[in-house]
Each structure stands twice: as C-alpha cells, then as structure tokens.
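Engineer: Sequence below, structure please.
(one chain, ligands or ions: 4)
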Amino acid sequence: MSKQIFNVVEHFASINGEGVRAGELAVFVRFRGCNLDCSYCDTRWANDVNAKAAKMSVSDIVKAVEDVKIDNVTLTGGEPLIQAGIDKLIAQLLISGRNVEIETNGSIDINKVRENVKDNLTTAMNGQVINDIYDKVNDEMERLSMTADYKLAGSNMEQYMKLDNFNNLQSQDTVKFVVSSEEDLKRALEIIRQYNLTEKCYVYFSPVFGKIEPVTIVDFMKDNLINGARVQLQLHKFIWSPDKKGV
Ligand SMILES: C[S@@+](CC[C@H](N)C(=O)[O-])C[C@H]1O[C@@H](n2cnc3c(N)ncnc32)[C@H](O)[C@@H]1O
Ligand SMILES: Nc1nc2[nH]cc(C(=O)O)c2c(=O)[nH]1
Ligand code: SF4
Ligand SMILES: [Mg+2]
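Structural biologist: Ligands and ions are numbered 1, 2, ... in the order given. Model prediction:
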C-alpha cells in the first residue's frame, strides 16, 4: 500500500480559541483544501489548491505533535475529513495518547470516519497482549471528538449539510452554529429543537467575526430559553490580530 501523504499548510501550538477545550493548550494541524466555500471563511487561503504545503506522512505528523508535548490536538483546515487517510492519522494520534478534536464542516459523514478510525485501532492492537481489545478501542475512541458546524444560510452552504450526522452524535461531540444574522439564529433554533441537539452533545453559537454583535446572540438565547447551549467568541482573535496565521 502506498504511503499516505498529507498537504499540511501549517501546524502550530497555541491555546484552543474555540469549542469545549477553549483556553486549553492544543496543537493545530491545518490541511489544504475544502469541499465548501463559506461566505465568511477565515482560512480561505488554506483552501487554495496552490497554497504552500508541507508533505507529511502519518508518522511525520504524529512525531511533530509528540515533539511539543501537548495533550490536545485539533485537526482543521480547510476540511480535514476530505483528506485521504485521515482515519489512519486519527487512530495513530489516539494511540499516542492525545485528545483529538476534528473541526469539520457538517457536509461529511462523521459516523463513517469514526467507524474507519475504530477499524484502524482494532487492526493496530491485533497482536498485542490485550485481554479485551473491544474495551480498549472504545476507551481510545472517547478521546476523539467531532466539532461539526451546521452551516446556516449566511454561509451560502446550507444545502450541503448532512442532517444524518445528527443521528450519530456522541456526548463528547459538538454541533456549532456560526451565525451571521437573526435569520441564522432562528434556523439554528429550529434545528436544535428538531434534532434535540442539547440532549445529545455540546451546542455552540459563535458569531461570524465582526458580522453580528455577540449580545444579539445572548438576547436570542434568553428570549427563547435555549438551555444547554453556549455562546462562544473565537479567543485567538482577541489575543492576537484577527488575521494572524499560526496562532
Ligand atoms: C476554518 S474552519 C475549518 C474546519 C472546517 N472546514 C469547518 O468549517 O468546520 C474552522 C471553524 O472556523 C469557523 N469560522 C470560519 N470563519 C469564521 C469567521 N469569519 N467567524 C467565525 N468563525 C469562523 C468555521 O465555521 C469552523 O467552525
Ligand atoms: N487558536 C486557535 N484555535 C482554533 N480553534 C479552531 C481553529 C480552527 O481554525 O479550526 C483555531 C485556530 O485557528 N486557532
Ligand atoms: S467549510 Fe470551513 S474551511 Fe471550508 S470554506 Fe467553510 S469555514 Fe472555510
Ligand atoms: Mg480558525
């Protein structure tokens, strides 16, 4: 089998600016290319097929992550789940003891990826003296969390959302609504209620940076009694200049 090579446009250590682990140290690996084109994308440069990228194998990436001695790793992009072999990389990062977070755009079948990761873990553990490989694989899988956006009308990408993903959420996963307008907030609430999202996983609202006042989101949450969801601003855009790469 040919060795899988990934196009990595940047990898860096920082604090996670988004999601359940916001504020914690994390290593970020950003892959080139995306299957969507959101109106507000803050990493459009990474989606360019000609963006400068390091060619890295699974073991190159695992080594780069291990070298920094930080427990959390976030795979992002671009879109990490369109990268061939991503399941193998995720499995090896789990085996190396990391908490692995995937930032994904909501158009890809997360269950299929999770099943492929599980298969990789099972294969990797075969031959090891482990009494119950099944339990060990499930323990490793608990350190994998998917943060899936639901792209709203303001992104122009809503038609690509894979609603079936909402039947395959785990309690450690997140559904994130990046909102541009009141219309987006109303649609997000409809989806949250329809799929009972706050009962299944973490739910976040995040403003498209500079496009909607955070207080508008908070008022909407209060007016509609949206318990169990959280508002979140992208921390790194306050700590550093909002356009800065590598942070
Ligand atoms: C750049 S994307 C990469 C991962 C994946 N393609 C996705 O969309 O989830 C990472 C996260 O940044 C969010 N994001 C992108 N541009 C943003 C902006 N201008 N303001 C707020 N969040 C933004 C996305 O919605 C997503 O949740
Ligand atoms: N500090 C920091 N935290 C992040 N969390 C998610 C990010 C992303 O671009 O996916 C990101 C990012 O680019 N920087
Ligand atoms: S899916 Fe993510 S990376 Fe792709 S365009 Fe949208 S925000 Fe940017
Ligand atoms: Mg970002």
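Engineer: Counting neighbours, show which residues of the helix or strand bottoming out on mean pLDDT in the chain come out buried.
Structural biologist: When the helices and strands of the chain are scored by mean pLDDT, DSSP states H and E, helix 133-141 comes last with a mean of 91. For helix 133-141, burial by neighbour count (16 or more other Cβ atoms under 10 Å) applies to 137, 140, 141. Glycine gets a C-beta too; all of them are placed from N, C-alpha and C.
Engineer: Skipping its backbone neighbours, what lies nearest residue 80 in space?
Structural biologist: Ranked by Cβ to Cβ, 6 or more residues apart in numbering and with sequence neighbours excluded, the top spatial neighbour of residue 80 is residue 31, at 5.3 Å.
Engineer: And the buried residues of helix 133-141, which is closest to residue 168?
Structural biologist: Of all the buried residues of helix 133-141, the one with the least separation from residue 168 (Cβ to Cβ) is residue 141, at 12.9 Å.
Engineer: close enough to count as contact, that closest one and residue 115?
Structural biologist: No: counting by Cβ atoms under 8 Å, residue 141 does not reach residue 115; the two are 10.2 Å apart.
Engineer: Can you name the element that comes right after the longest strand along the chain?
Structural biologist: Across the chain, the longest stretch assigned as strand under DSSP state E is strand 5-15. Using DSSP states H and E, the helix or strand that directly follows strand 5-15 along the chain is strand 25-31.
Engineer: and the nearest residue to residue 133 once chain neighbours are set aside, backbone torsions?
Structural biologist: Nearest residue to residue 133 in three dimensions, chain neighbours excluded: residue 125, at 5.0 Å (Cβ to Cβ, 6+ apart). Main-chain torsions, residue 125, degrees, to the nearest 10: phi -90, psi -10.
Engineer: Check residue 147 too.
Structural biologist: Dihedral pair for residue 147: phi -110, psi 100, per degrees, to the nearest 10.
Engineer: What is the neighbour count of it?
Structural biologist: 22 (other Cβ atoms under 10 Å).
Engineer: beta partners for it?
Structural biologist: Counting by DSSP bridges, residue 147 forms beta bridges with residue 103, residue 174.
Engineer: The residue nearest the centre of the chain: what's it in contact with?
Structural biologist: Nearest to the geometric centre of the chain sits residue 103, at 1.4 Å (Cα atoms, centre = their mean). By Cβ atoms under 8 Å, 6 or more residues apart in numbering, the residues touching residue 103 are 18, 19, 74, 75, 76, 77, 80, 147.
Engineer: what's the farthest-apart pair in these?
Structural biologist: That would be 19 and 77, which, of those, are the farthest apart (Cβ to Cβ) at 15.1 Å.
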